[in-house]
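Enquirer: Let me see the structure of the following:
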Amino acid sequence: MLIAMLDSVVLLLEKAFLLANFNFLSAIRFNGEPCPRRAEGTTQFQRGDLLEVPRTLFVHFGIYLGDGKVAHLIPDILPALTTNKRHIRKAVTNKRLVLGVLYKCACIRLDTVEDFAYGSPILLNTMDTRLRYPALPNEEVALRAEELVGGTPYSLLWNNCEHFVTHCRYGTGVSLQTDKFCECLKSVIRDQRSVLLTTLIGTVSIFFLGLTPATTITTFFIPFVLWMAG
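Expert: Residues are numbered from 1 along each chain as shown. Reported below is the predicted structural model:
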């Protein structure tokens with residue numbers, strides 16, 4: 001039963017990651033800003049450059065190390081299950097990625113520019129104009145990235161791929177995507193209609209599933225927390 005439930009969760013999250021042409025966070029970030037610079041080939045990259053690619057639901061970041069290689073942080077469950085480097089070096093599948101997010105396990109790995117981009121256009125050093133921190137010398141950026149290659153804990157909000165690249169290039173780990181997400185979350189909490197919506201969902205759950213700890217929390221505790229927070 002537990003395995004079946006886990007597979008269902010993974011399947012649902014995989015579908016969320018694969019929703020085509022939907023990139024909410026990047027749409028917010030670039031709204032009203034100059035068009036970011038796109039790179040057409042690796043000849044434009046210099047060692048230590050910050051690369052970013054639009055993905056489904058988020059923007060993915062990496063540090064270019066030269067010779068067509070990119071260091072990037074990506075959730076991956078496999079390092080927690082095996083020490084076989086040959087298996088770990090294979091391209092990270094969606095299932096490995098989703099389970100890595102759930103287990104909070106990631107690795108900073110070296111991949112080719114093509115594998116990193118995964119068919120998406122690459123944007124070059126656009127964070128330089130968005131952050132108030134000056135960029136470090138490119139060689140220092142690359143050395144910082146190389147020193148961190150390997151396994152690392154993962155947090156969607158506090159230790160993601162954006163924190164990794166900003167730590168390497170600017171000396172401070174920050175995430176504009178996290179900031180935007182928290183802003184959206186705060187706006188939802190402040191909207192008292194969220195209380196009514198969660199109460200309605202909980203009531204419907206009780207009607208169909210009966211009075212259980214899960215439905216009770218949804219019906220009473222979550223709306224109460226949202227009401228107090230708002």
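
Enquirer: Got phi/psi on residue 136?
Expert: Note on residue 136: its backbone torsions stand at phi -70, psi 160 [degrees, to the nearest 10].

Enquirer: give me every residue that touches it.
Expert: 144, 168, 169, 170, 171 (CB atoms under 8 Å, 6 or more residues apart in numbering). In short, each C-beta sits where N, CA and C put it, glycine included.

Enquirer: Could you list the low-confidence segments of this protein?
Expert: 1-41, 186, 188-199, 201-202, 204-211, 213-230 (pLDDT under 70).

Enquirer: go again using 90 as the cut-off
Expert: 1-44, 55-58, 78-103, 118-119, 132, 156-158, 177-230 (pLDDT under 90).

Enquirer: can you give me the helices in it?
Expert: Remark: helices assigned in the chain by DSSP state H are 2-17, 24-30, 85-88, 94-103, 113-117, 138-148, 161-170, 176-190, 193-209, 213-216, 222-229.

Enquirer: Mind listing what's buried along the third one?
Expert: In other words, helix 85-88. residue 88 (16 or more other CB atoms under 10 Å).

Enquirer: How about stretch 86-99?
Expert: Buried-residue list, stretch 86-99, by 16+ other CB under 10 Å: 88, 92, 96, 97, 98, 99.

Enquirer: and it, how far apart are its ends?
Expert: 19 Å (CA to CA, to the nearest Å).

Enquirer: try stretch 99-110
Expert: 20 Å.

Enquirer: hmm, who's touching it?
Expert: Here stretch 99-110 has contacts from 9-10, 13, 65, 69-80, 88-89, 92, 145, 148-156, 159, 164, using CB under 8 Å, 6+ apart.

Enquirer: Would you list the buried entries among these?
Expert: 10, 13, 65, 69-79, 88, 92, 145, 154, 159, 164.

Enquirer: Pick out whichever of the buried residues of stretch 86-99 sits closest to residue 185.
Expert: residue 98 (21.1 Å; CB to CB).
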